[in-house]
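Student: The following block contains a protein sequence and its predicted model.
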Amino acid sequence: MLLLVLGTAAGGGIPQWNCACPGCSGARADPRRRRRHASLAVRTDDGRWYVVNATPDIGDQIDGRPELRPGPGTRDTPLAGIVLTDAELDHTLGIARLREADGLQVVSTAPVRQALLDRLHLGDVLAPYTSMTWRELPRRGAEPLDRDTPGLRITGIPVSGKRPRYAADAPEDDAWVVALRLYDPGSGATALYAPALAAWPDSFDRAAAEADCVIVDGTFWDDEEPRRTGISERTATGMGHLPIEGPGGTAERLARLSARCLYTHLNNTNPLVDPAAPQHKTLARLGLEVANDGTVIEL
């Protein structure tokens with residue numbers, strides 16, 4: 001199993017266009033600190049790729065990786081489709097950016113699909129440009145990521161019923177946000193990708209305990225960060241993101257696992273966006289890492 005980390009930032013990216021916080025200012029001063037929106041590319045057994053979450057940066061994310069670039073034919077592309085973990089704008093706006101495709105395959109849960117079709121009218125907007133094929137992301141069991149190529153298998157593990165703002169009045173469902181479990185029956189390797197994690201349900205706990213690699217929500221360092229930095233009147237958990245540090249935080253849970261564990265989806269207020277921040281040493285002592293744009297993981 002081969003995974004490419006295409007981006008590691010929360011909504012807005014780092015730097016965010018209208019923000020002059022220390023994290024954004026530091027990224028403008030030092031381009032090495034820039035982070036694109038959180039996304040992951042997964043290779044299937046026949047060498048094609050699926051991108052997990054289509055971010056506003058998807059064009060640059062594809063062009064920035066030789067493995068994802070088109071060729072040898074003029075319009076040949078190794079991109080086979082998109083897998084969505086939720087319906088948030090920062091994970092779905094990139095679908096429209098791919099309108100030049102001969103066809104788009106999108107894998108998601110039912111509530112995510114309905115939000116994009118009924119609220120954003122994505123199907124109507126893209127119909128004059130390309131055709132869209134939707135597949136249901138299984139919540140139980142596992143199905144091949146690419147049905148034409150038996151091998152890598154996927155499951156969506158519900159982790160939150162948080163709806164995006166544009167669908168705040170949509171029906172409740174526990175699969176508005178899922179963690180993606182990737183299983184390679186050939187090697188026996190398992191990876192778990194959860195860029196948004198509002199809770200740590202038993203099903204997620206079991207999947208994390210069995211995984212070889214866990215890439216998880218690192219939006220906020222502590223629960224009070226959004227209020228302390230003035231970006232929200234809500235706490236991190238109130239915004240749908242478990243904090244890294246503190247009681248019930250993800251660090252103490254991940255430190256107990258045998259898997260390689262990395263954080264992604266960092267907000268611009270998170271001290272971890274500064275490579276010199278002491279919080280990196282705190283994580284290192286626990287055996288935990290922060291994923292970087294361009295990180296390659298082979299399992």
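Tutor: Perfect, thanks for sending it. The model shown is predicted, which means the values in this text are computed figures rather than measured ones.

Student: Leaving out sequence neighbours, find the closest residue to residue 10.
Tutor: For residue 10, ignoring the flanking residues on the chain, the nearest one in space by CB to CB, 6 or more residues apart in numbering is residue 267 at 4.3 Å. In this view, the C-beta of every residue, glycine as well, is placed from N, C-alpha and C.

Student: whoops, I mixed them up, residue 131
Tutor: Closest to residue 131 by CB to CB, 6+ apart is residue 103, at 4.8 Å.

Student: what's the answer for residue 77, then?
Tutor: residue 70 (4.8 Å).

Student: That neighbour reaches residue 100, doesn't it?
Tutor: No. Here residue 70 does not reach residue 100: they are 10.3 Å apart, not a contact under CB atoms under 8 Å.

Student: Neighbour count: those two, which is higher?
Tutor: residue 70 (13 against 9; other CB atoms under 10 Å).

Student: Residue 6 contacts residue 49, doesn't it?
Tutor: No. Using CB under 8 Å, residue 6 makes no contact with residue 49, being 10.3 Å away.

Student: quick check, distance from stretch 12-19 to the centre of its chain.
Tutor: Relative to the centre of its chain, stretch 12-19 is centred 18 Å away, using CA atoms, centre = their mean, to the nearest Å.

Student: Between the two ends of it, how far is it?
Tutor: Taking CA to CA, to the nearest Å as the measure, stretch 12-19 stretches 9 Å from start to finish.

Student: Report the buried residues of that stretch.
Tutor: 12-16, 19 (16 or more other CB atoms under 10 Å).

Student: Name the nearest residue to residue 69, sequence neighbours excluded.
Tutor: Using CB to CB, 6+ apart, the closest residue to residue 69 is residue 63 (6.3 Å).

Student: typed the wrong thing, it's residue 52
Tutor: Nearest to residue 52 is residue 40, by CB to CB, 6+ apart, at 4.2 Å.

Student: And whatever helix or strand that neighbour lives in, what does it pack against?
Tutor: Element membership of residue 40, judged by DSSP states H and E, is strand 39-43. On a contact count with 3 or more CB pairs under 8 Å, 6 or more residues apart in numbering; DSSP states H and E, strand 39-43 meets strand 2-7, strand 49-52, helix 58-63.

Student: mean confidence score for it?
Tutor: For strand 39-43, mean pLDDT is 97.

Student: One more: stretch 238-255?
Tutor: 95.

Student: Can you show me the CA trace of it as PDB?
Tutor: Coordinates of each C-alpha in stretch 238-255 appear next as PDB, following Å, rounded to 0.1, in the frame of the first residue of the first chain:
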ATOM      1  CA  GLY A 238     -17.500  22.200  20.100                       C
ATOM      2  CA  MET A 239     -16.200  22.800  16.600                       C
ATOM      3  CA  GLY A 240     -16.100  19.000  15.900                       C
ATOM      4  CA  HIS A 241     -12.400  18.300  16.500                       C
ATOM      5  CA  LEU A 242     -10.900  16.400  19.400                       C
ATOM      6  CA  PRO A 243      -7.800  18.300  20.700                       C
ATOM      7  CA  ILE A 244      -4.400  16.800  20.800                       C
ATOM      8  CA  GLU A 245      -3.500  17.600  24.400                       C
ATOM      9  CA  GLY A 246      -5.400  17.200  27.600                       C
ATOM     10  CA  PRO A 247      -7.800  14.700  29.200                       C
ATOM     11  CA  GLY A 248      -9.600  12.800  26.500                       C
ATOM     12  CA  GLY A 249      -7.200  14.300  23.900                       C
ATOM     13  CA  THR A 250      -5.900  12.200  21.000                       C
ATOM     14  CA  ALA A 251      -2.300  12.100  22.000                       C
ATOM     15  CA  GLU A 252      -2.800   9.900  25.100                       C
ATOM     16  CA  ARG A 253      -4.900   7.500  23.000                       C
ATOM     17  CA  LEU A 254      -2.500   7.300  20.100                       C
ATOM     18  CA  ALA A 255       0.500   6.800  22.400                       C
END
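
Student: Great, nothing more from me.
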